[in-house]
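> what's the 3D shape of this:
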Amino acid sequence: MSRPRKPKGRPVSGWLILDKPIDFGSTEAVSKIKWLFNAQKAGHAGTLDPLASGMLPIALGDATKTVPYVMDGRKIYEFTVTWGEERATDDLEGEVTQSSDSRPTEEAIRALLPNYTGVINQIPPQFSAIKISGERAYDLAREGETVDIPSREVEIFRLTLLDCSDADTAHFEVECGKGTYVRALARDFGRDLGCYGHVSGLRRTFVAPFAEETMVPLAELVALEAIEDQDERLAALDAFMIDTAEALSSLPHLAITDDQAHRLKMGNPILVRGRDAPVAESEAYATARGKLIAIGEIGEGEFRPKRVFV
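Sure thing, here's the model as predicted:
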């Protein structure tokens, strides 16, 4: 009988909030961070296109169990729309499919924005990761197929025109919910304004609950490769990590004892007592001495673990 294979790398856990550079894919970024930190596991919370820069939260180790809670969070993007051309990919990479000499006025742009605030219906770009009959839309689009992608509801909490002093471009900031495609916004702006448009610059500055100041440039992490001593190098890298529990700040929190933590780690429920204790919650998280122990549900006076952290 063969022995189970020992995982490669360190069992390091936490979040690294990467400031992803342009022309660097999200999957490539995760692989680089996993290698730099010598981590057993790594994953990201929300893809950024290679032509986009900015916040890419990367989960290491047990933090990968909290990725869904970050994926569902609000996001903020700054983006530039270039008028006069619609492109196959709705950004700079694609070939021009429609063009116009018309340019929108500032008044026309501002009048359009309320139509894109709140819950709206949006058709994702042809070149997107949406699955159509089991295949990614971008794979079908690369084969020359025109994909019929159904519209879906997305939520825009805030949409601001930052600058349009150049007639050929406009700069915006958007705060939006899960599943929103900024490239689709640019495409639809251009169509509604009768001038066509595509994204020519995109930067993500916020993914809830992580603030912009927590971002670490990739170059700053790569520079640490110059430290020859491995322990010293890994300690310098680990200093940039954020505790796993930070991803759960939107959930109710339960502080527990070491004995209760032991019970949860064994998969057993614990009693929830006290005047201020939550009565019923579909999801909450428990910590002992500030360390994340479990995510679970509260009901009938008990906290029942769903996911346990080592």
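
> use CA for all of it now, contacts and neighbours both
Fine.

> look at Leu237 and report its pLDDT.
Among the per-residue scores, Leu237 shows a pLDDT of 98.

> helix, strand, or coil at it?
Under DSSP: H, G, I helix; E, B strand; the rest coil, the three-state class of Leu237 is helix.

> separation between it and Ile293?
Per Cα to Cα, to the nearest Å, Leu237 is found 24 Å from Ile293.

> more neighbours, the two?
Using other Cα atoms under 10 Å, the more surrounded residue of Leu237 and Ile293 is Ile293, with 25 against 19.

> now do the strands in the stretch 1-150 of the chain.
Taking DSSP state E, counting those that start in this stretch, the strands of the stretch 1-150 of the chain run over residues 14-20, 42-44, 52-60, 75-83, 85-87, 96-99, 118-122, 131-132, 135-136.

> so what strands line up beside the third one?
What it means is strand 52-60. Strand pairing for strand 52-60, using DSSP bridges, gives strand 14-20 (antiparallel), strand 42-44 (antiparallel), strand 197-207 (parallel).

> need those strands in a markdown table (columns: mean neighbour count, mean pLDDT and distance to Val147).
Output for the strands paired with strand 52-60, formatted as a markdown table (neighbours: other Cα atoms under 10 Å; pLDDT from 0 to 100; distance: least, Cα to Cα, whole Å):
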| stretch | mean neighbour count | mean pLDDT | distance to Val147 |
| --- | --- | --- | --- |
| strand 14-20 | 25 | 98 | 30 |
| strand 42-44 | 23 | 95 | 27 |
| strand 197-207 | 24 | 97 | 19 |
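
> ok, which of the ones you listed comes nearest Ile256?
Distance to Ile256, taken as Cα to Cα, is lowest for strand 14-20 among those, at 20.5 Å.

> let me see the contact set for Ser282.
Each residue near Ser282 by Cα atoms under 8 Å, 6 or more residues apart in numbering is listed here: 296-298.

> which of those residues has the most neighbours?
Ile298 (24 neighbours).

> I'd like the distance between that residue and Gly267.
For Ile298, the distance to Gly267 - Cα to Cα - is 14 Å.

> and what of Arg152?
Taking Cα to Cα, one finds Arg152 at 38 Å from Gly267.

> in the stretch 151-300 of the chain, which segments are predicted with low confidence?
Flagging of the stretch 151-300 of the chain using pLDDT under 70 yields the residue ranges 276.

> can you give me the neighbour number for Pro269?
20.

> and it, what does it touch?
Pro269 touches 263, 302-305, counting by Cα under 8 Å, 6+ apart.

> cool, Glu153 as well?
Here Glu153 is in contact with 119-122 (criterion: Cα under 8 Å, 6+ apart).

> so Glu175 makes contact with Glu78?
No - using Cα atoms under 8 Å as the test, Glu175 is too far from Glu78 to be in contact (9.1 Å).

> quick one: Ala45 and Met71 touch, right?
Yes - Ala45 is within contact range of Met71, at 5.2 Å (criterion: Cα under 8 Å).

> ok, now which ones touch the spatially most central residue of the chain?
Note on the chain: the residue nearest the mean C-alpha position is Gly46, at 3.1 Å, using Cα atoms, centre = their mean. When contacts are counted by Cα under 8 Å, 6+ apart, Gly46 touches 56-57, 71.

> alright, that wraps it up for me.
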